[in-house]
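Trainee: Only the shape, not the letters, is given here:
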């Protein structure tokens, strides 16, 4: 039985580090003041322990897989959650409009990050005399806006098929640094909005519990209701079982489809296990539709699913930070640092500027979009949780629409261009991704005009903060 423990202990390490990181975050004054989540603290500790070789028998690759699957679970559980009652600000701007704003910001970021990352790495080569591929800078857009799974996917293709050395690991490093950047910059931004009461959900405030990291015994909120009798099945086990069923359906679907599309490179990428979360998200949306149509909604507790979503995000962040290989990071530290700092600054300014135009939920969308553009949608959810603790606004549902919309809008870049990027000339690559960025800027006034036609004023952000 000893051979069966390796993967289980890897998960146990994540869980144990999450406990340690959360306790340190609640005990150390500078961590409390920063409001950085315990998952980030845990991930940094885990990365340090692995880099020092203090976790015998385990390496970064053991946690890359866990990061991928927790990322997938976070989305699947979110999409299995039922539609909320009319939410704060939802009457003024529906899920569709908010989702379009998030899609616009994300797509603009995808293009801008690719161009800037490519240019910065080419400039570094020119000034330093090194011979690095500019695509090692461009892959920042897949690490930041798409996360570790997609960065690993494209990086592996570039590395194995086109000889771009260390592309996969550099992508994972950018994804990990994206998580750090999201919280180093995103948390202060969220705190700014909270202090000024600019968030729509007034239940989310910088109270003592928020700062301490743990609720007092007298103020602990409910974590959901039990829908099944424990004599039959525990309610938590029931909800995990629903996700497990969706996972199996998705896996079988991909297993059946892969041989059928094997001759087409683009479809092979789309139906690969690396894009499992897209298919899993769709399966969960369909499952929820069946549940609601058949009158089984009383057998699903949405608050429990929200807890699974939030917990999966926490585990994903820890696992991603522990996926960094210190040797690759050390050898490329200077160019990686330059690209990371510049991309973080540009992404933040862009998300804040466009987010402010999106209506009354502008602060929530700006912070969420910045998080999504610095690692994954899971990061955006973590930052959103600061402004909307119980996910009562429409923004979480906008994220579900957004995750489908960004795939549709970016099919040319993600499925046709990204896999074969090393075959393109410099100007071809820059024209394609730069063109997408410019197209999104053109769409900003068009979306504002459509927004006004629905009776949503651009001044509504200020209306949310009359002071």
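Mentor: Yes, it's here. Keep in mind that this is a model prediction, so the values were computed, not measured.
Trainee: what sits against the residue nearest to the spatial centre of the chain?
Mentor: Against the mean C-alpha coordinate of the chain, by CA atoms, centre = their mean, the closest residue is residue 376 at 1.9 Å. Shown in contact with residue 376 (CB atoms under 8 Å, 6 or more residues apart in numbering): 71, 146-148, 175, 316. To be clear about C-beta, it is placed using only N, CA and C from the backbone, and glycine gets the same treatment.
Trainee: Swap in 10 Å and give it another go.
Mentor: 67, 71, 74-75, 143-151, 175, 178-179, 182, 277, 313, 316-317, 320, 382 (CB atoms under 10 Å, 6 or more residues apart in numbering).
Trainee: cool, and residue 54?
Mentor: residue 48.
Trainee: Figure out the helix or strand that it lives in.
Mentor: Using DSSP states H and E, residue 54 sits within no helix or strand.
Trainee: and after the strand or helix carrying residue 110, which helix or strand comes next?
Mentor: Applying DSSP H and E as the criterion places residue 110 in helix 95-128. Sequence-wise, the next helix or strand downstream of helix 95-128 (DSSP H and E) is helix 135-138.
Trainee: for that next one, packing partners?
Mentor: helix 95-128, helix 148-162, helix 167-195, helix 333-355, helix 426-453 (3 or more CB pairs under 10 Å, 6 or more residues apart in numbering; DSSP states H and E).
Trainee: Mind doing that once more with 8 Å?
Mentor: With contacts taken as 3 or more CB pairs under 8 Å, 6 or more residues apart in numbering; DSSP states H and E, helix 135-138 sits against helix 95-128, helix 167-195, helix 333-355.
Trainee: So for residue 298, which of those helices sits nearest?
Mentor: helix 95-128 (23.4 Å; CB to CB).
Trainee: between that closest one and helix 426-453, how big is the angle?
Mentor: Interaxial angle of helix 95-128 relative to helix 426-453 (axes from the mean of the first three to the mean of the last three CA atoms, to 10 degrees): 150 degrees.
Trainee: in helix 95-128, what's buried?
Mentor: Buried positions in helix 95-128, judged by neighbour count with 16 or more other CB atoms under 10 Å: 95, 97-122, 124-125.
Trainee: I'd assumed residue 328 was in contact with residue 169.
Mentor: Yes: between residue 169 and residue 328 there is a contact under CB atoms under 8 Å: 4.5 Å.
Trainee: Comparing those two, which residue is more hemmed in?
Mentor: residue 169 (24 against 18; other CB atoms under 10 Å).
Trainee: what's the distance between that one and residue 309?
Mentor: According to CB to CB, to the nearest Å, residue 169 stands 28 Å off from residue 309.
Trainee: what's next to stretch 210-223, contact-wise?
Mentor: 22, 25-26, 32-33, 35, 38, 208-209, 303-304, 307, 386, 390.
Trainee: For the residues you listed, work out which two are farthest apart.
Mentor: 33 and 304 (32.2 Å).
Trainee: Of those two, give the one with the bigger neighbour count.
Mentor: For the pair residue 33 and residue 304, the greater number of neighbours falls to residue 304 (22 against 10), based on other CB under 10 Å.
Trainee: Just say helix, strand or coil for the nearest residue to the more buried one once chain neighbours are set aside.
Mentor: With sequence-adjacent residues excluded and distances taken as CB to CB, 6 or more residues apart in numbering, residue 304 is closest to residue 224, at 3.7 Å. Here residue 224 takes the coil state, with states given by DSSP: H, G, I helix; E, B strand; the rest coil.
Trainee: Tell me who's in contact with residue 224.
Mentor: Contacts of residue 224 by CB under 8 Å, 6+ apart are 235, 301-304, 306-307.
Trainee: In strands, which of those residues fall?
Mentor: Judged by DSSP state E, strands contain none of these.
Trainee: and the least confident of those?
Mentor: Within the set of the contacts of residue 224, pLDDT is lowest for residue 306 (83).
Trainee: In this structure it contacts residue 391, no?
Mentor: Yes: Residue 306 is in contact with residue 391 according to CB under 8 Å; the separation is 5.9 Å.
Trainee: And those two? Which one has more around it.
Mentor: Neighbours per residue, other CB under 10 Å: of residue 306 and residue 391, the larger number sits with residue 391, 23 against 20.
Trainee: helix, strand or coil for the more buried one?
Mentor: Classified using three-state DSSP, residue 391 is coil.
Trainee: okay but it is in contact with residue 382, surely?
Mentor: No: in this structure residue 391 lies outside contact range of residue 382 using CB under 8 Å: 11.8 Å.
Trainee: where does the stretch 51-200 of the chain have low pLDDT?
Mentor: Within the stretch 51-200 of the chain, the stretches with pLDDT under 70 are 83-94, 149.
Trainee: Return the set of buried residues in stretch 399-411.
Mentor: So, applying 16+ other CB under 10 Å, buried residues of stretch 399-411: 399-407, 409-410.
Trainee: from those, which two are the most distant?
Mentor: Farthest pair in those, by CB to CB: 400 and 410, 16.8 Å.
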